[in-house]
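Participant: Whatever this is, show me its structure:
(chains A and B)
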2 protein chains.
Amino acid sequence: MSSAITTEGRPGAGDAPDGTGRAVLAATLELCRVQPPVPIDLAAIAARAGVPEADVLARWPSAEAVLLDALRGEVAPALVFPDTGDFAADLRAQLVAIARVFADPAVGPRLVALAGAAGRDPAIARAFAERVFKPNRMLSRRRFEQARAAGQLRPEVDVDTGIDLAFGPLWFRLLLSTAPLSPEYAAAVAELALDGLGPAH
Amino acid sequence: MSSAITTEGRPGAGDAPDGTGRAVLAATLELCRVQPPVPIDLAAIAARAGVPEADVLARWPSAEAVLLDALRGEVAPALVFPDTGDFAADLRAQLVAIARVFADPAVGPRLVALAGAAGRDPAIARAFAERVFKPNRMLSRRRFEQARAAGQLRPEVDVDTGIDLAFGPLWFRLLLSTAPLSPEYAAAVAELALDGLGPAH
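Facilitator: Numbers count the residues shown, from 1 in each chain, chains lettered A, B, ... in the order given. Next up, the predicted model:
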């Protein structure tokens, strides 16, 4: 049937999209890549996919819900937390990968728009939490816990706070557009998160 | 005249608000405190302040611009980075103060809405950057640089990345609503930012 965001939204709870659903997701990604950016609403998605709007709405409740699934499918493969056994190197690689995704003009501004939509629409907020945030957090948690077990994290570090410390700065720059996101910035954040601000102790 | 957000927006560039302007700001803060939350649009602001909408629009270009100035005036006094000479204690105090502001139901959700509006409206984005982000960043930078000079920060720390590391997690939780913001969380972020995730080195 569909990867319907209207199901309870557990990751993997939805079925795989059918042919029409795949066409809709592909069309939405194409729209993301148009520069300068174009509005991505139901009409634009349906027109690009060559299907009636009703066929989109049979599978997703809103254009934002389509966009979220389209970006998720595009971005998720790039964000599988690496595990080479060297936590410092893996954290740096993961933050650099995220910075590249956020800096992609087809992706970053759309994530900002989705976060804004989540602030206004609880259904989008739930979908974002269940389909983007929680799966990514689970991957990070597993990697942080392995690192802690391997003695590569201080044993008393709270894993969720630690993940926020490492990943928060990138989201901060993305969502508030305070400064550009670059691989160099991501690498500096990784190093600083590991070593801390304070003098050697 | 006004604290007009339509001026180039350098902090302090606008004149102080006149009597009507002050009434508009006070009315907007009152609206922020109504629970459950109510829409804060031009009509609501004008009605609460007892002035015509035209009087609001003579001073600010939009309801969001009023809201930004109202919150700024309310919150800024709570966020003067302390300087007791003990950077670790001061950072913790500042992060705890921010967590309290973000967790205030009259403030946090409105900041989220403003950040969302900034993503859609470049004028709001500029106002946010000039009137909220930059003045706060300057205060933080000064305190971080003092700490570095006092040997309370590693000398090679890039100050802007360090500020992002400490403050990013709180914005992350606020803007994505991934978990509650508490003083305890803020204190844990401060400690982790200073000590780092990695094992003692």
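Participant: okay but A:V107 is in contact with A:E74, surely?
Facilitator: Yes - using CB atoms under 8 Å, A:V107 is in contact with A:E74, at 7.2 Å. The way it works is simple: take the backbone N, C-alpha and C, and place the C-beta from them, glycine included.
Participant: Any stretches of chain A with poor pLDDT?
Facilitator: A:1-15, A:201 (pLDDT under 70).
Participant: Where does it get nearest to chain B, which residue?
Facilitator: Using CB to the nearest CB, the single residue of chain A nearest to chain B is A:G196, 2.7 Å away.
Participant: Just want the most central residue of chain A.
Facilitator: Centroid-nearest residue in chain A: A:V132, 5.4 Å away (criterion: CA atoms, centre = their mean).
Participant: quick one: it and A:A70 touch, right?
Facilitator: No - at 12.0 Å, A:V132 does not count as touching A:A70 under the criterion of CB under 8 Å.
Participant: A:D55: neighbouring residues, count only.
Facilitator: A:D55: 15 surrounding residues under other CB atoms under 10 Å in any protein chain shown.
Participant: show me the contacts for it.
Facilitator: Contacts for A:D55 were tallied using CB atoms under 8 Å, 6 or more residues apart in numbering or on different chains; they are A:T20, A:V24, A:A46.
Participant: Could you identify the buried members of the residues you listed?
Facilitator: A:T20, A:V24, A:A46 (16 or more other CB atoms under 10 Å in any protein chain shown).
Participant: So A:K134 versus B:L176, what's the distance?
Facilitator: 11 Å (CB to CB, to the nearest Å).
Participant: same question, A:R120
Facilitator: When A:R120 is compared with B:L176 (using CB to CB), they lie 14 Å apart.
Participant: do the same with A:L91
Facilitator: In terms of CB to CB, A:L91 sits 20 Å off from B:L176.
Participant: higher neighbour count, the two?
Facilitator: A:L91 (31 against 20).
Participant: show me the contacts for that one.
Facilitator: Counting by CB under 8 Å, 6+ apart, A:L91 has contacts A:A166, A:A190, A:A193, A:L194.
Participant: near chain B too, which of those?
Facilitator: The residues of those that also fall near chain B, by CB under 8 Å from any CB of the partner chain, are A:A166, A:A193, A:L194.
Participant: if you look at those, which of them are in helices?
Facilitator: Within those, residues falling in helices by DSSP state H are A:A166, A:A193, A:L194.
Participant: export those residues to JSON lines and tack on neighbour count?
Facilitator: Output for those, formatted as JSON lines (neighbours: other CB atoms under 10 Å in any protein chain shown):
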{"residue": "A:A166", "neighbour count": "26"}
{"residue": "A:A193", "neighbour count": "28"}
{"residue": "A:L194", "neighbour count": "23"}
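Participant: show me where chain A has strands.
Facilitator: Under the criterion DSSP state E, chain A contains no strands.
Participant: And for the nearest residue to A:A43 once chain neighbours are set aside, the neighbour number?
Facilitator: Nearest residue to A:A43, sequence neighbours excluded (CB to CB, 6 or more residues apart in numbering or on different chains): A:E53, at 6.6 Å. A:E53 has 15 neighbouring residues, counting by other CB under 10 Å.
Participant: Right, I'll leave it there.
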